[in-house]
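Asks: I need the structure of the sequence given here:
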Amino acid sequence: MRMSGLDLVRRGSAGRRRAPPAGLGFPLADYPLAIRRRGGRFLCDFKPEAYAAAALAGPAYYVDIATGNDANPGTSWGAAVKSIFAATQLGNAGGVPFQVWVKAGTYSRVNNFTNMGPMVIPTQPAAYRAFGGRVTCWSGHDLSWPATPHATYGNCYAVARSTVTVVLDLLRPNAFGDPAELVRVADAATCNATPGSWAQEGGTLFVRRADGAVPSNINTRVLIVVDAFALDATGKSVYLEGFDFQGGANGGVFVHGSAARHVIAVDCSARYAGGPSHAGDGFLIEDSQGLAALVRCVAASNANDGISFQWTRGGAPTLSPLTIDCRGHDNGRHAHLANNGLACHGGLAAIEIGGDYHDNCGANVLLTDASKLWCIGTFASRSLGDVGRGGSDGPIDFHAAGTSQMWLERTRSAVSTHALMATDIARIRLRQHEKGAGQAELAVGGASILTD
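Replies: Okay, the predicted model is just below:
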């Protein structure tokens with residue numbers, strides 16, 4: 001893995017150590033974290049691999065989409081399996097923590113974590129690492145596209161496929177450089193009249209690409225209502241590095257169910273979870289009992305939130321969220337309301353370092369219930385709000401609601417109507433926050449915005 005800013009502190013960088021705010025409640029005794037400022041950045045001594053030590057010391061299995069065979073033992077590159085789920089099955093059978101190295105490439109659900117059905121859950125602590133480049137795992141599989149247009153709707157191409165959530169144009173980027181989505185329309189007739197659209201009629205998918213080209217598995221990708229990566233209560237600690245997830249029924253990376261474990265993702269992304277008729281967050285981590293750390297991860301173009309941490313079990317939460325140098329943008333797609341780049345719900349205590357959250361259809365950063373969040377060096381800008389869709393959220397960069405408490409230290413905001421909003425009886429405390437020209441601050445009712 002490349003050297004990152006996280007490691008530079010251990011090599012002697014200068015800068016005053018930042019003390020967490022009193023009352024934050026993040027368990028630093030269990031998850032030590034030293035943060036320093038260097039130039040315009042904040043660096044910390046967090047080492048994600050330390051929370052996957054057992055898996056990274058365990059037996060290794062190898063996956064190669066190009067040359068592997070699932071009948072192989074998977075114990076070397078020369079005997080690699082073809083599917084990530086097959087490597088998981090081998091690791092589970094070994095009965096000890098294990099690691100999986102995955103050769104760079106694109107893995108549909110035929111060969112990724114899900115085995116054309118539910119995800120194959122690692123029942124031992126597991127570490128999955130990309131090798132030789134990025135690994136893309138997407139929630140669908142190649143289709144048998146016809147070579148000729150539909151007999152009735154001559155601008156469309158039709159293929160057998162149901163439960164579609166998103167159709168991607170792999171040749172045309174959106175405003176953020178990701179593959180553009182084709183627009184879902186009501187029926188085949190409307191699709192026929194609308195370049196760059198798709199429609200679902202029963203078990204048939206109709207597609208009209210904007211460029212008029214014949215759809216193929218090279219230029220068009222169809223995501224469906226299945227999981228991309230979903231860890232339930234039976235799953236153990238997991239470490240992910242170098243993975244790009246596309247689609248997901250509930251989330252690109254969906255971790256749910258009560259279990260004592262750590263969830264660590266490094267240099268990963270989650271895009272296009274959910275769709276016009278199906279909700280989905282990019283990274284949705286709820287009710288795990290342990291550290292949930294995202295490092296240099298990207299959550300973009302998801303139907304709902306980009307990154308969402310939730311505690312639904314009541315009582316004192318034992319989920320500890322940490323985000324470092326993450327990005328969340330273009331979340332809250334289609335007609336979905338009140339969606340965020342980063343959100344914490346349910347009384348969590350969390351730390352956000354150096355993130356960049358923008359162009360989300362809701363507050364860019366949201367804190368609710370009795371949660372507590374320390375943002376240090378975070379930048380939030382260009383919130384789109386959701387009023388235009390019939391919602392009640394205007395463009396807000398940082399929003400604290402309920403009885404939550406948010407600390408903003410050397411953070412920045414820009415462009416959005418409101419830099420800061422505190423509602424109910426929430427509290428936002430500022431330590432050198434820089435807001436953009438013309439941005440407002442709003443504290444409603446018994447809420448407050450204070451400068452330390």
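
Asks: residue 49: what secondary structure?
Replies: Look at residue 49: counting by DSSP: H, G, I helix; E, B strand; the rest coil, its state is helix.

Asks: so what's residue 449 up against?
Replies: Residues in contact with residue 449 (CB atoms under 8 Å, 6 or more residues apart in numbering) are 420, 422, 427-428, 430, 441, 443. Backbone N, C-alpha and C define where each C-beta goes, glycine included.

Asks: swap in residue 119?
Replies: 85, 113, 227, 229-231.

Asks: which ones among the contacts of residue 449 lie within strands?
Replies: 420, 422, 427-428, 430, 441, 443 (DSSP state E).

Asks: what is the end-to-end distance of stretch 426-437?
Replies: 25 Å (CA to CA, to the nearest Å).

Asks: that one: which residues count as buried?
Replies: 426-430, 433, 435 (16 or more other CB atoms under 10 Å).

Asks: what of stretch 378-396?
Replies: Buried residues in stretch 378-396, counting neighbours by 16+ other CB under 10 Å, are found at 378-386, 391, 393-396.

Asks: repeat for stretch 58-70
Replies: Of the residues in stretch 58-70, those buried (16+ other CB under 10 Å) are 58, 60-65, 68, 70.

Asks: what does stretch 47-56 give?
Replies: Buried, per 16+ other CB under 10 Å, within stretch 47-56: 48, 51-52, 54-56.

Asks: and these as a markdown table, adding distance to residue 370?
Replies: Formatted as a markdown table, the buried residues of stretch 47-56 follow (distance: CB to CB, whole Å):
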| residue | distance to residue 370 |
| --- | --- |
| 48 | 28 |
| 51 | 26 |
| 52 | 30 |
| 54 | 33 |
| 55 | 33 |
| 56 | 36 |
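
Asks: now the residues you listed as CSV including pLDDT?
Replies: Converted to CSV, those look like this (pLDDT from 0 to 100):
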residue, pLDDT
48, 96
51, 97
52, 97
54, 98
55, 98
56, 98
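
Asks: strands of the stretch 101-250 of the chain, residue ranges please.
Replies: Remark: strands assigned in the stretch 101-250 of the chain by DSSP state E, counting those that start in this stretch are 126-138, 157-160, 164-173, 179-181, 183-184, 197-201, 204-208, 220-224, 229-231, 238-241, 243-246.

Asks: before we move on, back to that, which of the contacts of residue 449 sit farthest apart?
Replies: Farthest-apart pair in the contacts of residue 449 is 427 and 441; separation 12.9 Å (CB to CB).

Asks: stretch 297-307 spans what distance, first to last residue?
Replies: End-to-end distance for stretch 297-307: 10 Å, by CA to CA.

Asks: could you chop the protein up by domain?
Replies: Domain segmentation of the chain under automatic domain parsing yields 5-44, 51-138+227-362+374-395, 157-223.

Asks: between these, which one is nearest to residue 414?
Replies: Comparing those by CB to CB, domain 51-138+227-362+374-395 comes nearest, at 4.0 Å.

Asks: got the end-to-end distance for the closest one?
Replies: So domain 51-138+227-362+374-395: terminal residues 37 Å apart, CA to CA.

Asks: any low-confidence regions in this structure?
Replies: 1-16 (pLDDT under 70).

Asks: contacting residues around the top helix by length along the chain?
Replies: Ranked by residue count and defined by DSSP state H, the top helix of the chain is helix 84-94. Helix 84-94 is touched from outside by 58-59, 61-63, 70, 73-74, 81, 98, 100, 102, 107, 111-115, 119-124, 126, 128, 137, with contacts defined as CB under 8 Å, 6+ apart.

Asks: strand 126-138 and that helix, what's the angle between them?
Replies: Between helix 84-94 and strand 126-138, the angle comes out at 160 degrees (axes from the mean of the first three to the mean of the last three CA atoms, to 10 degrees).

Asks: which parts of helix 84-94 are buried?
Replies: So, applying 16+ other CB under 10 Å, buried residues of helix 84-94: 84-92.
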